[in-house]
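Asks: Show me how the following folds:
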Amino acid sequence: GSVPAQNSSVAIAPMQFRGLMPVIEVKLNGQGPFVLMIDTGAGMQADIDTSIATQLKLRPNGKVINGDPSGENDREVDTARIDTIAFGGAEFRNVTAVIRPQRITRDYPDVDGILGFALFTDYLLTLDYPALQVRLARGALPAANGADILSFEIENRIPVIEVAIGKLKVRAHIDSGNFVAGFILPEELVEQLQLLSQPVTVGRARSVSNQIEIKQAQLRDTIHIGRFDYPQATITFPALSDTNVGLKVLREFAVTFDQKNRRMKLERKLS
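Replies: Have a look, this model is predicted:
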């Protein structure tokens, strides 16, 4: 198809999968390729495994507090500067990266790091899951229409949209780094909703103070994201903060983020 003149392509990279995690190949300081995930639910510019930092001889240049939204797991981690991050024809310079082990659990996919939402401030970032491509372009998305182009806010450097669950309007993180569930909801929200099925425990997650049971249930209501409907959606809870929309929903779409204008486009590819 023809590309509108105002949006000019800057980079295209093939998307591959490590387990359930979509990744791209990236050169760091001219070395690599390394395998990194693009995580819209991550607020930093980049997050690199300690072994990669050693391989690139990166020197720590600062510290940040790294934790989860519960605020219980906070600990200091080093940051370092990466001179260049390059993929698909684009190059980012002087990127601040968090340095920490990437394999959180034994069965976690083997990746070298994460590119966070904050890295892509100046571009239209498209995660085209059906076409297995990541694209960067210059330009802007058209005005939000509440249907396939939605406004978002940036909170803690990650995108938050409004979704409807039945008649309720809720804030939701768009989190390409969540490959656990399509919809994760806070417990207090689930308590206001009618369920079609009794919640079933599907796993456990640890926080510092206790073990949390991860539960799943089917909603009586429809979840609406713009014009896209998820009737009687299966939900997972509890969320650590806001409602979270993850990869299992996003993978049906080409999702484009325009951070300058705070707009997101959902384009469903009919297979």
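Asks: contacting residues for Gly30?
Replies: Neighbouring residues of Gly30 by C-beta atoms under 8 Å, 6 or more residues apart in numbering: Thr84, Ala86. In short, each C-beta sits where N, CA and C put it, glycine included.
Asks: try it again with 10 Å
Replies: By C-beta atoms under 10 Å, 6 or more residues apart in numbering, the residues touching Gly30 are Leu56, Asp83, Thr84, Ala86.
Asks: closest to Leu20 among these?
Replies: Ala86 (25.9 Å; C-beta to C-beta).
Asks: Beyond the helix-or-strand element of the chain with minimal mean pLDDT, next helix or strand please.
Replies: Lowest mean confidence among the helices and strands of the chain (mean pLDDT, DSSP states H and E): strand 60-66, at a mean of 79. Where DSSP states H and E defines the elements, the next helix or strand beyond strand 60-66 is strand 75-87.
Asks: Give me the sheet partners of the next helix-or-strand element following that next one and which way each runs.
Replies: Proceeding N to C from strand 75-87, the next assigned helix or strand is strand 90-99, under DSSP H and E. Within its sheet, strand 90-99 is paired with strand 46-48 (parallel), strand 75-87 (antiparallel), according to DSSP bridges.
Asks: other SSEs contacting the following helix or strand past strand 90-99?
Replies: Next helix or strand after strand 90-99 toward the C-terminus (DSSP H and E): strand 113-116. Judged by 3 or more C-beta pairs under 10 Å, 6 or more residues apart in numbering; DSSP states H and E, the packing partners of strand 113-116 are strand 21-28, strand 31-39, strand 46-48, strand 75-87, strand 90-99.
Asks: let's see 6 Å
Replies: strand 31-39, strand 46-48 (3 or more C-beta pairs under 6 Å, 6 or more residues apart in numbering; DSSP states H and E).
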